[in-house]
Every structure is written in C-alpha cells, then in structure tokens.
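K.L.:
Okay, here's the prediction I keep looking at, along with the sequence it came from:
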Amino acid sequence: MVEPLLPPWPERAPGPLPVVDRLCLQGILYVLCNDIAWQLLPLELGFGSGQTCWRRLERWQQAGVFDQLQRILLAELNVAGELDWSRACVDGSHIRAKTGGADTGPSPVDRRKTGSKHHLICDGRGTPLKVITTAANVNDVTQTLALVDGIPPVAGRPGRPRRRPDSLLGDKGYDSNSHREELRKRRILPVISRKGSPNIKGLGKLRYVVEQTFALLHQFKRLAVRWERRTELHDAFVSLACALICWRRLKKHRS
C-alpha cells in the first residue's frame, strides 16, 4: 500500500546504491514504536544507519507520503462503513519537548517546562482525521477551525468526498461564540459546553473516544515525548501513527 506512494529514486544519483525503501520504512517504524535515538538503530537488523532512515523520513514527508496513506485508509474505512460522520470530537493533549525547537513553549500543566500540544479531531468512533502540533501554551479553541478545515476529502461512497461531520463535540476549552458561528456556516452543529454553566448532559459519554484515540496515539513511544526539533519531522511520525491506527481498524473489520 505504501510502495506506489513513494517518490522514485533518481536513476543517476551519485554515491552507493540506496538502502531498499522497505528496510528504511521498517527502521522508521522501529524508531516510532521503541523511541530510540537514530544513531542507536541496530545495524544488524539491516535497516541501514539512523542517518539513512532519518533522511528517507524527511524525503517522504516532503512528498506527502504519509498524508496520502492516511487518506487512502480513511477511504477504505468509509467504504466499509467504519466511519461515523454524525459527529466529530476535538481535544488537545500536552507532551514534553526534550530538545525544544519549533512549535514548543512553556506547558501550563507541566510546571512551565518546554512542551508541545497535539490537537486532534476524530470521528464518532475515534478514528483520527487530523492532528495539528503547536506550542504547549496555545489555547485549544484557536485550532478549532484549522482542525475542521484540515479534514482531508474522504472518498469511498457515492457522491462527493466527505469533508464535514454533522456535529462537533467539544469541552469548555472550545467555548467561543464566533467559532460556533463559523461552524454553523460550514453546516456543522456545535455541541460545546459553555463556561460557567453545567456540562451538557451525556456529552462525556460521546467524547470519550477522543481520549481513547490519544491513548492509542501516545502508545507509539516516539510521540509520548517529542525529540524532533523540526515540526515537520515530528508531524511525519504523527501522520504515520494515524495511518497505522486506521490500518489496524481496517484489518480488524476485514477479519
């Protein structure tokens, strides 16, 4: 599934023959799941050096390989009827950023230590649709529209590809009248608790899926703590992890 998406290698590239793409992908997955430094990648496994896998990850991210992969898997899930477009859920989760870098800042929930935040939107069954990485001190509400507009067009059903859920569920951190109006303009019903008022009854029973998705996402140890100073490389790991979550759901459905 990944191979047709990979950019071709130049026929007359200087230097020795490159490591096979499959082995590089295995090396990247090894780092994603085990959270080891690139230079500690075991050479005896045949993945090539950590520098080789790191450069291949950068090259594939620039080509949009992992975003395309997730879009294909979402379409497969849509065909199988495994996506719930009746509602979507949004939330944010802080992670520590050990080496600093772009899109990091003082974390308000971790004694102002340097960190980042994952902003996630998922469907009603917890399938990740879009993840945005920002500094840890960025308010959740500022990313509401970016998450909604960032949902890729999902094909697989008759008609135009689907890009909008019917409703959006959020906690009090997403309370904003202006954002509610923008959601309504997009034909999305905002179901968001208001500050100073009791929570909407039964909202927590519907929003638990986004917390479940965060747990699945951060089971990939490379995402539980951020080591990449460059946001695009961290986002490459995030996109690959989202694609793996989609693949596991699709595999479970087919079995």
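P.N.:
Here it is on my side, so go on. Numbers count the residues shown, from 1 in each chain.

K.L.:
Relative to Met1, how far out is the nearest residue to Val225 once chain neighbours are set aside?
P.N.:
Leaving aside its sequence neighbours, Val225 sits nearest to Arg96 (CB to CB, 6 or more residues apart in numbering; 5.1 Å). (Each C-beta comes from the backbone N, C-alpha and C, glycine too.) Distance of Arg96 to Met1, given as CB to CB, to the nearest Å: 33 Å.

K.L.:
Of these two, give the one with the bigger neighbour count.
P.N.:
Ranked by neighbour count (other CB atoms under 10 Å), Arg96 and Met1 place Arg96 first, with 16 against 10.

K.L.:
what helix or strand is that one on?
P.N.:
Secondary-structure assignment from DSSP states H and E places Arg96 in strand 88-97.

K.L.:
Now find how far off-centre that strand is within its chain.
P.N.:
10 Å (CA atoms, centre = their mean, to the nearest Å).

K.L.:
cool, stretch 117-136 as well?
P.N.:
Distance, centroid of stretch 117-136 to centroid of chain: 6 Å (CA atoms, centre = their mean).

K.L.:
Is Leu168 in a helix, a strand, or coil?
P.N.:
Using DSSP: H, G, I helix; E, B strand; the rest coil, the structure places Leu168 in strand.

K.L.:
Thought Arg184 was touching it, still the case?
P.N.:
No. Contact status for Leu168 versus Arg184: not in contact, 10.3 Å apart, counting by CB atoms under 8 Å.

K.L.:
what touches both of the two?
P.N.:
Pro190 (CB atoms under 8 Å, 6 or more residues apart in numbering).

K.L.:
the more surrounded of the two?
P.N.:
Leu168 (24 against 11).

K.L.:
Quick one: residues contacting the more buried one.
P.N.:
87-90, 144, 148, 183, 188-192.

K.L.:
I'd like the distance between it and Ala146.
P.N.:
Taken as CB to CB, the span from Leu168 to Ala146 is 13 Å.

K.L.:
nearest spatial neighbour of Pro152, skipping sequence neighbours?
P.N.:
That would be Arg71: by CB to CB, 6+ apart, it lies 4.8 Å from Pro152.

K.L.:
measure the one you found to Pro10 for me?
P.N.:
For Arg71, the distance to Pro10 - CB to CB - is 26 Å.

K.L.:
and the residue nearest to the spatial centre of the chain, what does it touch?
P.N.:
For the chain, Val131 is the residue whose C-alpha lies nearest the centre (CA atoms, centre = their mean; 3.8 Å). Contacts for Val131 were tallied using CB under 8 Å, 6+ apart; they are 118-121, 217, 235, 238-239, 242.

K.L.:
quick one: which of these sit in helices?
P.N.:
In helices, defined here by DSSP state H, the members of the contacts of Val131 are 217, 235, 238-239, 242.

K.L.:
would you list every one of the strands in the chain?
P.N.:
Along the chain, counting by DSSP state E, strands occupy 88-97, 105-106, 114-123, 128-135, 167-170, 189-192, 225-226.

K.L.:
For Gly204, find the nearest of those strands.
P.N.:
Of all the strands of the chain, strand 167-170 sits nearest to Gly204, with 9.7 Å by CB to CB.

K.L.:
neighbours of the nearest residue to Gly46 once chain neighbours are set aside, just the number please.
P.N.:
Among residues not flanking Gly46 along the chain, Leu23 sits closest, at 5.5 Å (CB to CB, 6+ apart). Per other CB under 10 Å, the neighbour tally for Leu23 reads 16.

K.L.:
Tell me the predicted confidence for Leu23.
P.N.:
What the model reports as pLDDT for Leu23 is 92.

K.L.:
Isn't it up against Phe47?
P.N.:
Yes. Judged on CB under 8 Å, Leu23 makes contact with Phe47 at a distance of 5.3 Å.

K.L.:
What segments of this structure are helices?
P.N.:
Under DSSP H, the chain gives helices at 21-34, 50-62, 65-79, 144-149, 177-185, 203-217, 221-224, 231-254.
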